[in-house]
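Peer 1: okay, sequence plus prediction incoming.
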Amino acid sequence: MGCGASRPPAAVSPTRQGGLATTGVLPDGEPTKHFPKEIKEDSDRNSSSPLVKQRSIERLRNEAASAAATVKATGSGSSDDANSKATLERLAALSAETLAEEFARADTDGTRKLSCSELSTLLVRLFGDEVLSAVDATGRRVVDSLLAALDTDGSGDVDLDELQAAWRAWFGQALNPKRCLIIVDVQNDFIDGTLGLKGCPAGQDGAAVVPVINKMRAAHPWDSIIISMDWHPEGHCSFFEVVTAGNSPVPLHPSQDPEEAKHASVFSTVTLVAPDGTSAMRQTLWPQHCVQDTWGSQNHADLDVTESDIIVQKGTNPGVDSYSAFYDNQKLNQTSLLGKLRELGMTHVFVTGLALDVCVAFTALHAAEEGFVTYVVSDACAGVTHEGIAEKKRAFDEAGITVAHSSELEAVFSQSSLAEVTAAAHRVTDAKKIVEACVNDDGHGVAVN
């Protein structure tokens, strides 16, 4: 999104060769089964913070020098590089069947659920005795952190389904990282068009991110590159020109004064009927932008795009806006982004583009909520307002999302994957709390009761 809103809202192992051979356009519209309707926007973290400051874990096992800045382990344990490498290789090769066997061995009471002590036994078999003495920066035991993330139903223990789901989603994948560069909405309308960021309160130039992103994609062995695009039909409910003319594709909510809506100003908020047909949905009115197949919807001419890049189109439903590259603002429908990331086995996402405090923020928060190790590359983003940018950086910090400079990415690509298993557990837990607890009171297509 572009300018005007004071608080716009808000988821490689060794060397790899560029992007994937997969091509295609992935429009939004796949229904989700159970997503909270309210999305949090809260976010301060200085963009110059050290890259490897993962808030979940400071050190784990002294596994390797590259993990020293990430994990803090107490107690005894081997720091032998060969042993550490062997452990990583064994874990990365662990199959679902073998994991089930290990689960059964740890389930000493035969309940088909692992208590904290039984989970500790399983983790020792997987990682070694050092896991028992590992603590995070707050002094919390790593075992407790993993239990909190694995126990998705809040029962206080972990069943096999929970363990295997986590293994597929983040636990096992963190041992064999696959990294995706996500480029969000680097489109003409957000740079030189109807919602150009240069005219917004922060005065940032959207075009400045283009050479940074191009350099990033050339400098690192990405496993995939995904480009999201705002892709609105004509007459979209977020367009100021449409709503004030009385042509909204969804009706005004009974609580909305029709005369106020008729005379609303750009960047003001109106209340529409949500897609469920009854709920109130606050919607910020933006100038018409990124209409399908127009110049404004095209990627910036200088942005490097290849045939192997995967394109995800969002905002295609005329009756609801979509800031995140994962979901619409009601979180009733999702794009194909999540499914594609899962299909390709991605574990780490690096979010760049426009605008940092709107579409980039929502995309990053949802990536973290879904269990991806998530980075926002600060110099590869531009934002709308200084206040919004600061808020989103606070939210990133709370969700365990790392804000990094592009010059720091080399350190990430050489980072210990074992250390990130525990860090991923914190991200899953923290991001879920943030998204579920959020209440958006500024009107960005979020349903209200």
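Peer 2: Yep, that arrived. Numbers count the residues shown, from 1 in each chain.
Peer 1: helix, strand or coil for Leu123?
Peer 2: Following DSSP: H, G, I helix; E, B strand; the rest coil, we place Leu123 in the helix state.
Peer 1: ok, now which ones touch it?
Peer 2: Leu123 makes contact with 131-132, 143, 146, according to CB atoms under 8 Å, 6 or more residues apart in numbering. No exception for glycine: its C-beta is placed from N, CA and C like everyone else's.
Peer 1: which of those residues ranks first by neighbour count?
Peer 2: Within the contacts of Leu123, neighbour counts (other CB atoms under 10 Å) peak at Leu146, which reaches 26 neighbours.
Peer 1: quickly find the element holding it.
Peer 2: helix 142-150 (DSSP states H and E).
Peer 1: for that helix, which positions count as buried?
Peer 2: 142-143, 145-150 (16 or more other CB atoms under 10 Å).
Peer 1: run through who's touching the helix or strand just after it.
Peer 2: Following helix 142-150 in sequence order, the next helix or strand is strand 158-159 (DSSP H and E). Outside strand 158-159, the residues within contact range by CB under 8 Å, 6+ apart are 112-114, 119, 147, 150-151.
Peer 1: now those residues as TSV including pLDDT and distance to Glu260?
Peer 2: As requested, the contacts of strand 158-159 are exported to TSV (pLDDT from 0 to 100; distance: CB to CB, whole Å):
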residue	pLDDT	distance to Glu260
Arg112	94	58
Lys113	95	55
Leu114	95	57
Leu119	93	56
Leu147	90	51
Leu150	91	49
Asp151	91	47
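Peer 1: just to revisit the earlier point, out of the buried residues of helix 142-150, which one sits closest to His289?
Peer 2: Ala149 (38.5 Å; CB to CB).
Peer 1: let me know the pLDDT of the closest one.
Peer 2: For Ala149, the model assigns a pLDDT of 88.
Peer 1: could you find the closest non-adjacent residue to it?
Peer 2: Spatial nearest neighbour of Ala149, chain neighbours left out: Ala425 (3.6 Å); criterion: CB to CB, 6 or more residues apart in numbering.
Peer 1: contacts only, for the one you found.
Peer 2: Going by CB under 8 Å, 6+ apart, the list of residues near Ala425 reads 56, 145-146, 148-150, 170-171.
Peer 1: off-centre distance for the helix holding Leu146?
Peer 2: Centroid separation for helix 142-150 versus its chain: 21 Å, with CA atoms, centre = their mean, to the nearest Å.
Peer 1: which elements pack onto it?
Peer 2: helix 116-127, helix 130-133, helix 160-166, helix 417-437 (3 or more CB pairs under 8 Å, 6 or more residues apart in numbering; DSSP states H and E).
Peer 1: moving C-terminal of the helix or strand hosting Ala261, what's the next helix or strand?
Peer 2: Secondary structure assigned from DSSP H and E places Ala261 in helix 258-262. Next along the chain after helix 258-262, taking DSSP H and E as the criterion, comes strand 269-273.
Peer 1: now the stretch 151-300 of the chain, which segments are flagged as low pLDDT?
Peer 2: Within the stretch 151-300 of the chain, the segments meeting pLDDT under 70 span 173-175.
Peer 1: what segments of it are strands?
Peer 2: For the stretch 151-300 of the chain, the strands defined by DSSP state E, counting those that start in this stretch cover 158-159, 179-184, 224-230, 269-273, 280-284.
Peer 1: check which helices and strands the third one is in contact with.
Peer 2: Counting by 3+ CB pairs under 8 Å, 6+ apart, the packing neighbours recorded for strand 224-230 are strand 179-184, strand 310-314, helix 337-343.
Peer 1: next one: stretch 190-208 to chain centre, how far?
Peer 2: With CA atoms, centre = their mean, you get 23 Å for stretch 190-208.
Peer 1: got the buried residues for that stretch?
Peer 2: So for stretch 190-208, counting by 16+ other CB under 10 Å, buried means 190-198, 200-202, 204, 206-207.
Peer 1: longest strand in this structure, please.
Peer 2: When the chain is parsed with DSSP state E, its longest strand is strand 373-382.
Peer 1: ok, that strand: who's next to it in the sheet?
Peer 2: The strands beside strand 373-382 in its sheet (DSSP bridges) come out as strand 348-354 (parallel), strand 402-404 (parallel).
Peer 1: deepest of the ones you listed, which one?
Peer 2: Most buried of the strands paired with strand 373-382, by mean neighbour count (mean count of other CB atoms under 10 Å): strand 348-354, with a mean of 28.
Peer 1: for it, give me every contacting residue.
Peer 2: Taking CB under 8 Å, 6+ apart as the rule, strand 348-354 contacts 11-12, 177-187, 190-191, 197, 206, 209, 212-213, 216, 228, 341, 359-360, 363-364, 367, 372-377, 380-382, 409, 412.
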